[in-house]
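Colleague: No letters, just coordinates:
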């Protein structure tokens with residue numbers, strides 16, 4: 001119950017923070033990298049692949065000897081992303097495992113952010129990624145990786161449609177930014 005109360009309070013504070021004039025402070029590097037990694041995972045893997053990789057993590061199975069560099073890379077990025085996300089330890093592993101599978105393929109673009117001491121609120125625009133575009137990106141993984149994935153959203157922008165806008169709350173914990181599991185999806 002305390003966790004739910006804290007989450008609701010964070011979401012209320014988040015809305016109030018973004019309503020104020022934006023600060024010019026840069027987005028913390030580790031938060032920016034989180035969104036980059038998230039987009040790479042979503043663009044360059046399928047629902048089934050993400051689900052398999054997370055299942056291996058949840059069950060603490062060793063990663064099979066994958067010949068595919070893409071899958072090894074995506075596996076590491078998912079581990080990095082999950083280490084930056086607060087998780088309710090009471091939540092069953094099967095729910096955490098299905099988080100990645102149930103989420104549609106899509107890209108997230110940071111729109112704005114606001115600090116308040118150890119609290120950071122990030123507003124994002126979420127784009128749906130059509131299956132054919134996702135498949136094409138998977139096949140072009142090596143080409144994008146050579147260029148550090150920099151043209152990712154720009155390269156497919158015309159093929160994306162806006163799905164939603166969200167608020168993500170980040171808290172500074174022991175010197176590191178940790179993203180809350182709960183997100184506020186804004187309805188237009």
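Modeller: Structure's in. What do you need? The model shown is predicted, which means the values in this text are computed figures rather than measured ones.
Colleague: Looks like residue 36 contacts residue 149 (just checking).
Modeller: Yes - with contact defined as C-beta atoms under 8 Å, residue 36 reaches residue 149; the gap is 7.0 Å. (Glycine included, C-beta is placed from N, CA and C.)
Colleague: do you know how far the residue nearest to the spatial centre of the chain is from residue 174?
Modeller: Central residue of the chain (C-alpha atoms, centre = their mean): residue 38, 4.0 Å from the mean position. Between residue 38 and residue 174 the computed distance is 22 Å (C-beta to C-beta, to the nearest Å).
Colleague: Over to residue 60?
Modeller: For residue 60, the distance to residue 174 - C-beta to C-beta - is 24 Å.
Colleague: Show me what the helix or strand encompassing residue 167 pairs with in its sheet, parallel or antiparallel.
Modeller: For residue 167, the host element (DSSP states H and E) is strand 161-173. For strand 161-173, the paired strands and their directions (DSSP bridges) are strand 119-128 (antiparallel), strand 176-186 (antiparallel).
Colleague: Give me the average confidence score over the longest one.
Modeller: Strand 176-186 comes out with an average pLDDT of 84.
Colleague: Please state the offset of it from the chain centre?
Modeller: 9 Å (C-alpha atoms, centre = their mean, to the nearest Å).
Colleague: next one: the first one
Modeller: On the basis of C-alpha atoms, centre = their mean, strand 119-128 is displaced by 9 Å from the centre of the chain it belongs to.
Colleague: And the average pLDDT for it is what?
Modeller: 92.
Colleague: now stretch 160-173
Modeller: Rounded mean pLDDT across stretch 160-173 is 89.
Colleague: Any buried residues in that stretch, and which?
Modeller: Of all the residues in stretch 160-173, those buried under the rule 16 or more other C-beta atoms under 10 Å are 160, 163-164, 166-171.
Colleague: wait, which of those residues is closest to residue 120?
Modeller: The closest of those to residue 120 turns out to be residue 170 (C-beta to C-beta; 4.0 Å).
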